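In: Just to be clear, the model below is a prediction. Sequence and coordinates:
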Amino acid sequence: MGSKTEIREFGPRGVTRRSALIGAVGAAALPLVGLAVAAEGPEPAKPKRRIKQSFAWGCYIRRGADVAQMIKTAAEIGFASIEMGPEQQWHAIQDAGMQVAIVGAGTPLGDAFANPKNWDANERSILANIEKAQKNGIKRLLLLTGNRQGRTDAECSDNCVKFLPRVTKAAEQANVRLCIELLNSKVNHKDYFLDHSALGVAICKAVNSPALGLLDDLYHMQIMEGDLIRTIRDNIQYIGHSTRVAIQAGRIWTTSRRSTILP
């Protein structure tokens, strides 16, 4: 329990879930670095899902990929779910025995609810997506708070706390959790408001709804604040979606060591 495991892409002697998924459709269909997996002999037993692991659709399933084969292979490998899959593929994902872990709701990042001018449009979008999620058995929706646009953190937080009760009641009734995403404002999303865990936790506490949580993206929070494990342990009740892991240098997958060490 006390030992530490370094997150890395395995070399020639090891096979990761990522490399198996990519190898299943071939490097020509999916231009990512991976290790092809030879499928010879009897079909292996389906892995036990000790960890409920998912992957984000857009990071793996690229243009030209065999979508049906990718979904099939993901299920065979043992993935429990796929994040942000397109609506036309929801049933295919579910028919393969996986869940659609989370999909987006609300307006684009630049027009989100940290700005009161965007409240009505966000309310319409989020409520419509809550209804759609409930009908399709999807349990989580991803929300973006939006950019500061000259407002202080206190002003943005206050705007979020005032807006979110307009949609959390419907989410509670539908048994859908709204997950506001933590993003870095240093590298990828300049001016984004919700760029530290403490800001998100404070909003969740103030709104005080079981239907509200955080999407704690470890890539982004490693850039902004580090100390990932302690933050997760201290705030686990406010994390609404399983955390994501990616390499820091532009999230390019290589065989080099990564900067995050998990116990």
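Out: Sure thing, it's come through.

In: Is Val187 within a helix or a strand, and which one?
Out: Under DSSP states H and E, no helix or strand contains Val187.

In: how near is the closest residue to it other than its chain neighbours to Tyr192?
Out: In space, and not counting its chain neighbours, Val187 is closest to Ile223: 5.8 Å by C-beta to C-beta, 6 or more residues apart in numbering. Yep, even glycine has a C-beta here, placed from its N, CA and C like the rest. Here Ile223 is placed at a distance of 12 Å from Tyr192 (C-beta to C-beta, to the nearest Å).

In: what residues are shared contacts of those two?
Out: With contacts taken as C-beta atoms under 8 Å, 6 or more residues apart in numbering, Ile223 and Tyr192 have Asn184 as neighbours in common.

In: State the pLDDT value of the residue lying closest to Thr231 once chain neighbours are set aside.
Out: Nearest residue to Thr231 in three dimensions, chain neighbours excluded: Ser197, at 5.1 Å (C-beta to C-beta, 6+ apart). Ser197 is assigned a pLDDT of 94 by the prediction.

In: Could you check how far Ser197 is from Asn188?
Out: Taking C-beta to C-beta, one finds Ser197 at 17 Å from Asn188.

In: which of the two has more neighbours?
Out: Ser197 (22 against 13; other C-beta atoms under 10 Å).

In: could you list every residue that touches that one?
Out: So Ser197 contacts Leu182, Leu214, Asp216, Met221, Glu225, Thr231, Asn235 (C-beta under 8 Å, 6+ apart).

In: now the strands for the stretch 1-150 of the chain?
Out: In the stretch 1-150 of the chain, the strands defined using DSSP state E, counting those that start in this stretch lie at 5-6, 54-56, 81-83, 99-100, 103-104, 140-143.

In: Can I get the ones you listed in TSV including mean pLDDT and distance to Phe163?
Out: Putting these into TSV (pLDDT from 0 to 100; distance: least, C-beta to C-beta, whole Å) gives the following:
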stretch	mean pLDDT	distance to Phe163
strand 5-6	36	40
strand 54-56	83	26
strand 81-83	90	24
strand 99-100	94	25
strand 103-104	94	17
strand 140-143	96	10
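
In: Having no further points to raise, I will conclude here.
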